[in-house]
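S.K.: What would the 3D arrangement of this be:
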Amino acid sequence: MSPVTKSAKRAESGMTVSEHLAEFRKRLLIAFAALLVAGVVGFIIYPQILTFLQKPYCDLTKGVNCKLLAIGPLDGLTLRVKIAFFSGFVIALPIIFYELWRFIAPGLRKREKKYIIPFIFASVLFFLMGCALAYFSFPHALKFLQTIGGSQLAYHYTATSYLNLIVLMMFVFGLTFEFPVILVSLELVGVVTPRQLLKAWRWAIIAITVAAAVLTPSGDPFSMLALAAPLVIFYFASIGIGKLAGK
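M.R.: Here you go, the predicted model:
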């Protein structure tokens, strides 16, 4: 490739491949540093977070015998590190999404770059909304799982099994709720159009239903419905937002 061609490609993209890799490394390191600092904060406030995560179980049992069992000597440390990582991720979300946008921004047009603040705000908001939905629907999931097992069983959850499930549900719901943000972003950059999305609404509903059934960690119908229904609403809302933004 001639120097002229290389210069033309550089002018078109704004950055060379090596510069893109260096930028990616820089953004990744900043996001990781934010996650590390936020994780330390999560490690310190672990008792409060544990009480918060334990509350759905205590509400279900009306506060009677809702302590979680630790059956291994390392369970306490392992759980504290896991909870610190998850809470640190949530605390560091604005920085993580900002660094993600800064990495993508050089490839966008000037009109598209002005959406950085709405993108960060919406990404954080929808992730937290997904976490909140999982948290408040979790008692119903537990009740269903206990009922389907039969009245002959006495349930005493280990800290590992309980916390792994509720944290996984909150994380999956949070990530899944990024669906409308991604969809609107694709519309704004012209990858898909509102017309195409509206035309494919039947297939979209089927795909959302199947995805909700596969992704819901607890596997109970209440949680699957709680996840699928907002995603269907978000799908049609994204079409409307895409139409308004395209005017």
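
S.K.: going forward, measure contacts and count neighbours with C-alpha atoms only.
M.R.: OK.

S.K.: could you pull out the strands for this structure?
M.R.: With DSSP state E as the criterion, the chain has no strands.

S.K.: Where do the helices of it begin and end?
M.R.: Using DSSP state H, the helices found in the chain span residues 3-13, 17-44, 46-60, 75-91, 93-104, 110-113, 116-149, 159-176, 179-188, 194-199, 201-215, 221-245.

S.K.: wait, which of those helices is closest to L68?
M.R.: Closest approach to L68 among those (C-alpha to C-alpha): helix 159-176, 4.8 Å.

S.K.: the inter-axis angle of the closest one versus helix 116-149?
M.R.: Per axes from the mean of the first three to the mean of the last three C-alpha atoms, to 10 degrees, the angle that helix 159-176 makes with helix 116-149 is 140 degrees.

S.K.: Leaving out the residues flanking it, which one is nearest to G39?
M.R.: Closest residue in space to G39, ignoring its immediate chain neighbours: G88 at 3.9 Å, by C-alpha to C-alpha, 6 or more residues apart in numbering.

S.K.: so what's the one you found up against?
M.R.: Neighbouring residues of G88 by C-alpha atoms under 8 Å, 6 or more residues apart in numbering: L35, L36, V37, A38, G39, V40, V41, G42.

S.K.: quick one: it from E187, how far?
M.R.: Between G88 and E187 the computed distance is 31 Å (C-alpha to C-alpha, to the nearest Å).

S.K.: If we ignore the residues flanking it in sequence, what's nearest the residue nearest in space to the middle of the chain?
M.R.: Centroid-nearest residue in the chain: L175, 2.1 Å away (criterion: C-alpha atoms, centre = their mean). In this structure, L175 finds its nearest non-sequential neighbour in F127, 6.1 Å apart by C-alpha to C-alpha, 6+ apart.

S.K.: That neighbour: neighbouring residues, count only.
M.R.: Residues lying near F127 (other C-alpha atoms under 10 Å) number 23.

S.K.: what does G42 give?
M.R.: Neighbourhood size, G42 [other C-alpha under 10 Å]: 25.

S.K.: Tell me who's in contact with the closest residue to it other than its chain neighbours.
M.R.: Distances taken as C-alpha to C-alpha, 6+ apart put A84 closest to G42, at 4.3 Å, once the chain neighbours are dropped. Listed by C-alpha under 8 Å, 6+ apart, the contact partners of A84 are G39, V40, V41, G42, F43, Y46.
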